[in-house]
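[1] sequence first, then the predicted structure:
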Amino acid sequence: MRVRFWGTRGSLPVALTAAGVREKLLAALRAARGRPLSTEADLDAILASLPFSVAGTYGGHTSCVQIETASPDFFICDMGSGLRPFGQAATARRQGAAQTFHIFVSHLHWDHIMGLPFFVPAFIPGNRVVFYGSHPHLESALRRQQEQPSFPVDFSIFGAKLEFVHLEPGRTHEVAGVGVTPMLQRHGGDSYGYRFEAPDGVVVYSTDSEHPLAQAEHTDRFVGLFRNADLVIFDAMYSLADAVSVKADWGHSSNIVGVELCQMAQARHLCLFHHEPVFDDAAIDSVLAETRRLEEITRGEMPLHVSAAFDGMEIEL
Amino acid sequence: MQIATRRVGDTVIATPTGRIDHQSAGPFETALTPLVAESGARRGPLVLDFSGIDYISSVGLRVLMVAAKQMREHQAPFLVAALQGVVAEIFAISRFDRVLTVAPTLDDALARCSPEARAQYRGSGTAPAP
């Protein structure tokens, strides 16, 4: 299995500004002072020495994650603004053949569905797009998003065959050779996490999910969802202090809880996801470094790899 | 979980020890609740001496947040003092060091909330020399 991140930002798309680019350039130039610059290898060495927040960017598209399996079909979690570049990339690979997309929707808030009107494969006759979810109003919410006056064209513009499949939470469903188990999460209007089980790996997608810390039954449920996963994609939008105080009941979680749940579940890799839109790259770098340190000082018998998702990131399981 | 407590002047000093994890957070909250109620009712300071705590989980931190909120509603000071190694790091990573009043030592905590209690504490012979 391979996981590709097309959108990793929480709540609202963001973009790197000219001022942000200038800061990165200045930091890179300062780091290059006094160092050899004559060969490409020299430049590569300098770039490799820079923190990701200087040499790269976490990106600004909202939630969209692709899971590559042995199936030729596409598996997608959520339709945030990252769905647009995914759709373009998938279409570029099309070579005239019909394509099938299995799209699993965590919930119906805008930042998780806003990419659909710009999803090129849905416009292509012969393609098949299957929307999966546990919300009863999945189809009507998607149609409503494209009604006047919110959007100029409705679903009639789509040429692909569109299907809607309701998934019963807590039950494992077979989709193109992958076992998919949705689970109810605590979020305004409800959200659903998904456990994807294939012969070559287990991936959990759990975003927009708040964890009531005092409820042992809730913790047990999520430890079960994350159990022995190769990768857990986890909503780590807030600090724990914010998540239990000023942002309590906002429906999101923290890096601390992510580490704890993954440690209890003996998951192998925690990927911080749904980044706070007000955070710049340096702030997300700091959260990642702190989370890795937390894992280190609280590690049990099994180490937990910790990463922070960025637009364009790939994880091979 | 047992929390050793002592009254110094107008201040209650509570000293839990060990780990506050998912298993012990409940007993910790049970032991802390009457101390918060008593201190809050008389608007007296409550200081948690964390010098003997070597780990705290998110559930334990939540207990502190609830206690701090209750003390704030009573306009009573609530401080956590003497965080050790790992616990100090967890406070920083969780940002609890920004939302709770944290003092580097018990002496410093008392200086912030009650000069009277600090004077008694120093006179008791248990405080380190300044």
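    Cool, got the structure. Owing to the predicted nature of the structure, the values given are computational and were not obtained by experimental measurement.
[2] CA atoms for contacts and neighbours, from now on please.
    Noted.
[3] retrieve the pLDDT associated with the residue nearest to residue A:157 when sequence neighbours are not counted.
    Closest residue to residue A:157 apart from its sequence neighbours, by CA to CA, 6 or more residues apart in numbering or on different chains: residue A:123 at 6.8 Å. For residue A:123, the pLDDT comes out at 98.
[4] distance of residue A:123 relative to residue A:88?
    According to CA to CA, to the nearest Å, residue A:123 and residue A:88 sit 12 Å apart.
[5] what parts of the stretch 101-250 of chain A come near chain B?
    Taking CA under 8 Å from any CA of the partner chain as the contact definition, the stretch 101-250 of chain A meets chain B at A:213-214, A:239-242, A:244-245.
[6] let's see it at 6 Å
    The stretch 101-250 of chain A comes close to chain B at residues A:213, A:239-241, as judged by CA under 6 Å from any CA of the partner chain.
[7] which of these fall in strands?
    Applying DSSP state E to those, no entry is found in strands.
[8] now do the buried residues in stretch A:70-84.
    For stretch A:70-84, a neighbour-count test (16 or more other CA atoms under 10 Å in any protein chain shown) marks A:73-84 as buried.
[9] which members of those occur in helices, if any?
    Of the positions in those, A:83-84 sit in helices, assigned by DSSP state H.
[10] what's the burial count for the residue nearest to residue A:157?
    17 (other CA atoms under 10 Å in any protein chain shown).
[11] got it, and the one 5 residues further on?
    For residue A:128, the number of neighbouring residues by other CA under 10 Å comes to 20.
[12] pLDDT weak spots in the stretch 151-300 of chain A?
    Applying pLDDT under 70 to the stretch 151-300 of chain A flags no residue at all.
[13] residue boundaries of the strands in it?
    If DSSP state E, counting those that start in this stretch is used as the criterion, the strands of the stretch 151-300 of chain A fall at A:161-166, A:173-175, A:178-185, A:191-198, A:201-206, A:231-235, A:269-273.
[14] cool, and chain B?
    Taking DSSP E, the strands of chain B run over residues B:3-8, B:11-16, B:18-20, B:46-49, B:53-56, B:78-81, B:101-103.
[15] looking at the ones you listed, spot the one closest to chain A.
    For chain A, the closest of the strands of chain B is strand B:53-56, at 8.5 Å, according to CA to the nearest CA.
[16] sheet-wise, list the partners of the closest one with their directions.
    Strand B:53-56 sits in its sheet next to strand B:18-20 (parallel), going by DSSP bridges.
[17] next, count neighbours for residue A:188.
    Other residues close to residue A:188 by other CA under 10 Å number 15.
[18] distance-wise, check the nearest residue to it once chain neighbours are set aside relative to residue A:128.
    Spatial nearest neighbour of residue A:188, excluding adjacent residues (CA to CA, 6+ apart): residue A:251 at 6.2 Å. Using CA to CA, we find residue A:251 at a distance of 32 Å from residue A:128.
[19] swap in residue A:240?
    Taking CA to CA, one finds residue A:240 at 41 Å from residue A:128.
[20] likewise residue B:18?
    The span separating residue B:18 from residue A:128 equals 57 Å under the rule CA to CA.
[21] same check on residue A:215?
    From residue A:215 to residue A:128 the distance is 41 Å (CA to CA).
[22] ditto for residue A:9
    27 Å.
[23] sorry, back to before: save the strands of chain B as TSV, and put in mean pLDDT and mean neighbour count too.
    Output for the strands of chain B, formatted as TSV (pLDDT from 0 to 100; neighbours: other CA atoms under 10 Å in any protein chain shown):
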stretch	mean pLDDT	mean neighbour count
strand B:3-8	94	14
strand B:11-16	97	21
strand B:18-20	96	19
strand B:46-49	98	26
strand B:53-56	96	20
strand B:78-81	98	24
strand B:101-103	98	20
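[24] including distance to residue A:166, could the ones you listed go into TSV?
    Listed next are these as TSV, based on distance: least, CA to CA, whole Å:
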stretch	distance to residue A:166
strand B:3-8	51
strand B:11-16	50
strand B:18-20	42
strand B:46-49	51
strand B:53-56	41
strand B:78-81	49
strand B:101-103	49
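[25] so which of these comes closest to residue A:308?
    Of all these, it is strand B:53-56 that lies closest to residue A:308, at 24.0 Å by CA to CA.
[26] okay, helices next: where are they in the stretch 151-300 of chain A?
    Remark: helices assigned in the stretch 151-300 of chain A by DSSP state H, counting those that start in this stretch are A:216-226, A:240-243, A:255-265, A:281-298.
[27] let me have those helices in JSON lines, extended by mean neighbour count.
    Shown next, in JSON lines, are these (neighbours: other CA atoms under 10 Å in any protein chain shown):
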{"stretch": "helix A:216-226", "mean neighbour count": "17"}
{"stretch": "helix A:240-243", "mean neighbour count": "23"}
{"stretch": "helix A:255-265", "mean neighbour count": "23"}
{"stretch": "helix A:281-298", "mean neighbour count": "18"}
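[28] to residue A:158, which of those lies closest?
    Closest approach to residue A:158 among the helices of the stretch 151-300 of chain A (CA to CA): helix A:216-226, 35.0 Å.
[29] surely residue A:275 meets residue A:10?
    Yes. Counting by CA atoms under 6 Å, residue A:10 is a contact partner of residue A:275 at 5.0 Å.
[30] so between those two, which is more surrounded?
    Neighbour count, other CA under 10 Å: between residue A:275 and residue A:10, residue A:275 has more, with 29 against 26.
[31] counting neighbours, what do you get for residue 109?
    Unless you meant another one, I'm taking chain A. For residue A:109, the count of nearby residues is 17 (other CA under 10 Å).
[32] look at chain B instead
    25.
[33] now it. Nearest residue, chain neighbours left out?
    Spatial nearest neighbour of residue B:109, chain neighbours left out: residue B:103 (5.1 Å); criterion: CA to CA, 6+ apart.
[34] hang on, that neighbour packs against residue B:112?
    No. The pair residue B:103 and residue B:112 does not pass the contact test of CA under 6 Å, sitting 8.5 Å apart.
[35] for residue A:116, phi and psi?
    Dihedral pair for residue A:116: phi -60, psi -40, per degrees, to the nearest 10.
[36] go on, residue A:125?
    Backbone geometry at residue A:125, expressed as degrees, to the nearest 10, gives phi -60, psi 140.
[37] now do the helices in chain B.
    Under DSSP H, chain B gives helices at B:25-41, B:58-73, B:85-94, B:96-99, B:106-113, B:115-123.
[38] show me what the longest one is in contact with.
    Residues outside helix B:25-41 that contact it (CA atoms under 6 Å, 6 or more residues apart in numbering or on different chains) are B:1, B:60, B:63, B:71, B:74, B:76.
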